[in-house]
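In: Predicted model, plus sequence, below.
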Amino acid sequence: GEIKLMRLARNHGKGGAVKKGMLRASGETLLMVDADGATRFSDIERLEEKLAAQDGRGLVVGSRAHMMQDAVAQRAWYRNVLMYGFHFYVSLFGVRGVQDTQCGFKLFSREAAQQLFPSQHIERWAFDVELLF
């Protein structure tokens, strides 16, 4: 597929930038991926298979579970408490059935992106939870 570069005149936050990009994207499937290397691009095949199993509709979320043990060991204790607390409240009050809501590796059908992103309000951190809720 084709990759397009967008320049924003002002900082819209990660969520705002992703929203603007997704609303201007032109593919049948739209991939959101963080640049931190936490997921492998080769894993897109797994996401494509899962999306195809849903008749090519909706969205599928990757996972960084394979990195969890190393990440927990390297973080300060209070960051782990905040992370687990956040995951607990998200699963309790919001999104159930998604292990890693913050994983920056999500594949959307064009239809799903066109339904979700116009309604997105959060422009900064945790915008993923709003989309999945």
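Out: On my side now, so go ahead.
In: from the chain's centre, how far out does stretch 113-130 sit?
Out: Distance of stretch 113-130 from the chain centroid (CA atoms, centre = their mean, to the nearest Å) equals 10 Å.
In: Read off the pLDDT value for the residue in the chain sticking out farthest from the centre.
Out: Residue farthest from the centre of the chain, counting by CA atoms, centre = their mean, is Trp77 at 25.0 Å. Looking at Trp77, its pLDDT stands at 80.
In: if I look at it, how far off is Gly21?
Out: Applying CB to CB, to the nearest Å, the value for Trp77 to Gly21 is 36 Å. Backbone N, C-alpha and C define where each C-beta goes, glycine included.
In: quick one: contacts for the residue farthest from the centre of the chain?
Out: By CB atoms under 8 Å, 6 or more residues apart in numbering, the contact list for Trp77 is empty.
In: pretty sure Ala113 contacts Ala25?
Out: Yes. Ala113 lies in contact with Ala25 (CB atoms under 8 Å); the separation is 7.0 Å.
In: what kind of secondary structure is Ser91 in?
Out: helix (DSSP: H, G, I helix; E, B strand; the rest coil).
In: and if you look at Lys14?
Out: Applying three-state DSSP: Lys14 is helix.
In: isn't it right next to Phe127, touching?
Out: Yes. The pair Lys14 / Phe127 is scored as a contact, 7.0 Å apart, by CB under 8 Å.
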